[in-house]
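Chemist: I would like to see how this sequence folds:
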Amino acid sequence: MGLIGNIFGFAGYYNHSRGKYDKALKWYEKAERADVSSPNVQMAYGVLLMREGDFEKAIKVFNKILIFFPRKDKIKTNARINLSMAYWKTGDLDAAIDRITDMHEKLKNSRTYETLGYFLIEKGDIEEALRFNLEALEYDDTDAVILDNLGQTYYRMGETDKAFTYFKKALEEKDDLLDALYHVGVIHQERGEIDEARKYYEKALDCNITKLSTISRETTEAKLAELS
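Modeler: Residues are numbered from 1 along each chain as shown. I've put the predicted structure just below:
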């Protein structure tokens, strides 16, 4: 594990931080071949792979971090959370839930509440999702993602008014939260409030939508087209 790999890795990070993702990926790949030893570079590489939709390769990178840097707690925590998200994106929701649940039991924090709360909604166990997301709200009632998760839970339960309240609270904390913008648009559309729905869909489309996002650009564009 050598110096050259780290130099390549930092070149990747330099381009990554400036939004030059194609160049960053090329440098990160060269760093991997040269046995990069920096866990921060490897973490950034894994995150960029997820952003670009290469979740299988991201899983290998995060597992490598966990094997070679077991005593770096912060790195290990982020690798496990990102690993669970990568499994979710490959369609293995059970593996994603198992990994984030194990981590949450050992270390409760906002990110584990956010991630597991959303996975439980996706799993379809709405009673458990509601119980967990209410617990998350007690942990942090100003966290935008936790508020959004609770909104999505109530929406799937058919309690639209409650859902709307939590989505709006989420947007008060983070006004460019994609999921909340999209769902507020959906509720306005269901209520026949077309101009308001259009406004929120357009705001959602202005967000930074990537392969890792829970709402796709195509889905949002399709909803916007329905208004026409």
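Chemist: now the lengthiest helix in the chain - C-alpha only, PDB.
Modeler: The residue-count maximum for a helix in the chain (DSSP state H) belongs to helix 73-89. Output of helix 73-89 as PDB, limited to C-alpha atoms (Å, rounded to 0.1, in the frame of the first residue of the first chain):
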ATOM      1  CA  ASP A  73     -14.500   4.300  14.300                       C
ATOM      2  CA  LYS A  74     -15.700   7.200  12.200                       C
ATOM      3  CA  ILE A  75     -14.600   5.700   9.000                       C
ATOM      4  CA  LYS A  76     -16.100   2.300  10.000                       C
ATOM      5  CA  THR A  77     -19.400   4.000  10.800                       C
ATOM      6  CA  ASN A  78     -19.700   5.800   7.500                       C
ATOM      7  CA  ALA A  79     -18.600   2.700   5.600                       C
ATOM      8  CA  ARG A  80     -21.400   0.600   7.200                       C
ATOM      9  CA  ILE A  81     -24.100   3.200   6.500                       C
ATOM     10  CA  ASN A  82     -22.900   3.600   2.900                       C
ATOM     11  CA  LEU A  83     -22.700  -0.200   2.600                       C
ATOM     12  CA  SER A  84     -26.300  -0.600   3.700                       C
ATOM     13  CA  MET A  85     -27.400   2.000   1.100                       C
ATOM     14  CA  ALA A  86     -25.500   0.300  -1.600                       C
ATOM     15  CA  TYR A  87     -27.200  -3.000  -0.800                       C
ATOM     16  CA  TRP A  88     -30.600  -1.300  -0.800                       C
ATOM     17  CA  LYS A  89     -29.800   0.100  -4.300                       C
END
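Chemist: quick one: buried residues of that helix?
Modeler: 75-89 (16 or more other CB atoms under 10 Å). (Glycine included, C-beta is placed from N, CA and C.)
Chemist: closest to V47 out of these?
Modeler: Taking CB to CB as the measure, V47 lies nearest N82 of these, at 6.4 Å.
Chemist: any idea how far the closest one lies from N40?
Modeler: Look at N82 and N40: by CB to CB, to the nearest Å, they are 13 Å apart.
Chemist: kindly report the same for Y154.
Modeler: 38 Å.
Chemist: higher neighbour count, those two?
Modeler: Y154 (22 against 18; other CB atoms under 10 Å).
Chemist: ok, now which ones touch the more buried one?
Modeler: Y154 is in contact with L130, T160, K162, A163, Y166, counting by CB atoms under 8 Å, 6 or more residues apart in numbering.
Chemist: please, which helix or strand holds the third one?
Modeler: In this case it means K162. Element membership for K162, per DSSP states H and E: helix 160-173.
Chemist: list the helices and strands the helix or strand following that helix packs on?
Modeler: Where DSSP H and E defines the elements, the next helix or strand beyond helix 160-173 is helix 178-190. Helices and strands touching helix 178-190, by 3 or more CB pairs under 8 Å, 6 or more residues apart in numbering; DSSP states H and E, are helix 144-156, helix 160-173, helix 194-205, helix 217-226.
Chemist: mean confidence for the first one?
Modeler: Right, helix 144-156. Mean pLDDT, computed over helix 144-156, is 98.
Chemist: would you mind writing the CA trace of that helix as CSV?
Modeler: Provided in CSV are the C-alpha atoms of helix 144-156 (Å, rounded to 0.1, in the frame of the first residue of the first chain):
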residue,chain,number,x,y,z
ALA,A,144,-35.2,17.2,8.0
VAL,A,145,-34.9,13.6,6.9
ILE,A,146,-36.5,12.2,10.0
LEU,A,147,-39.4,14.6,9.5
ASP,A,148,-39.7,13.5,5.9
ASN,A,149,-39.6,9.8,6.9
LEU,A,150,-42.5,10.4,9.2
GLY,A,151,-44.3,12.3,6.5
GLN,A,152,-43.8,9.4,4.1
THR,A,153,-45.0,6.9,6.8
TYR,A,154,-48.2,8.8,7.3
TYR,A,155,-48.7,9.2,3.6
ARG,A,156,-48.6,5.5,3.1
